[in-house]
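Chemist: Return atomic coordinates for the entry below.
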Amino acid sequence: MTTIDGYGVPQLRVIPLRELRESALNTRRHFDPVKLAELRESIAKSGILTPLLVRPFNGRGKGSFELAAGHRRLRAAREAGITEAPCIVQDLDDATFLEILTVENLQAPRVARERERA
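Modeler: Prediction:
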């Protein structure tokens, strides 16, 4: 299975949730249950509007793709009974993968605060 074209361009695919695994490298351990419930309801109503970012996962364990960005969306989609998600599949080395995880975790609280003010 080819996930990236011959030019290294990320590929947009719809992937079954059973093939996605949360990254053990993700430092985020707390997911606000109220915000997660709100996201679940939104996803149940409108679907996943922003693709998840994943990389092929060749290690042991559940899932063929490791999640770099979109951990909350994945959890909410599972709770909503969604069975597949739009994903950007990109080959990412460990350093780039960790950078994305860090940026994602730093931005999520800021974005939530901005939405609350709007």
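
Chemist: all contacts plus neighbour counts: C-alpha atoms, from now on.
Modeler: Noted.

Chemist: average pLDDT across stretch 41-50?
Modeler: Averaged over stretch 41-50, pLDDT sits at 94.

Chemist: Kindly apply the preceding question to stretch 93-113 instead.
Modeler: 72.

Chemist: From what I see, Leu92 and Leu53 are in contact.
Modeler: No - in this structure Leu92 lies outside contact range of Leu53 using CA atoms under 8 Å: 10.2 Å.

Chemist: Looking only at neighbour counts, state which of those two leads.
Modeler: In this view Leu92 and Leu53 are compared by other CA atoms under 10 Å, and Leu53 has more residues nearby, 21 against 15.

Chemist: Is it correct that the more buried one falls within a helix?
Modeler: No - assessed with DSSP: H, G, I helix; E, B strand; the rest coil, Leu53 is strand; it does not lie in a helix.

Chemist: And it, how far from Gln90?
Modeler: Using CA to CA, to the nearest Å, we find Leu53 at a distance of 7 Å from Gln90.
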